[in-house]
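> output the structure for:
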Amino acid sequence: MQYDRAQQILNSEKTIPVFYEGKSIWIEKLNAQDQTAIVTSDSGQTTVPVIKLEEGHLS
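This is a model prediction of the structure:
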């Protein structure tokens, strides 16, 4: 995912599904300087590269 799209998702009023390594995550915060995101999943909170995030679709 591009950083700009992650920023749009974070600021959106809608719930937009996002995945990291196939797991559903929630973007908590973005860091423009190193292009990372702090994300929350069932496993807890971690920092990941934004480029590895994937936007999903509600079914």
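> centre-most residue in the protein?
Of all residues in the chain, the one closest to the mean position by Cα atoms, centre = their mean is I27, 4.1 Å from it.
> run through the strands of this structure in chain order.
Remark: strands assigned in the chain by DSSP state E are 18-20, 23-31, 36-41, 44-49, 53-55.
> in JSON lines, list these along with distance to A6 and mean pLDDT.
Heads up, the C-betas are built off the backbone N, CA and C, glycines and all. As requested, the strands of the chain are exported to JSON lines (distance: least, Cβ to Cβ, whole Å; pLDDT from 0 to 100):
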{"stretch": "strand 18-20", "distance to A6": "8", "mean pLDDT": "97"}
{"stretch": "strand 23-31", "distance to A6": "6", "mean pLDDT": "97"}
{"stretch": "strand 36-41", "distance to A6": "6", "mean pLDDT": "98"}
{"stretch": "strand 44-49", "distance to A6": "10", "mean pLDDT": "98"}
{"stretch": "strand 53-55", "distance to A6": "6", "mean pLDDT": "97"}
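> as JSON lines, the ones you listed with distance to S12 would be great.
Below are those laid out as JSON lines (distance: least, Cβ to Cβ, whole Å):
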{"stretch": "strand 18-20", "distance to S12": "11"}
{"stretch": "strand 23-31", "distance to S12": "10"}
{"stretch": "strand 36-41", "distance to S12": "14"}
{"stretch": "strand 44-49", "distance to S12": "19"}
{"stretch": "strand 53-55", "distance to S12": "11"}
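> cheers, nothing more for now.
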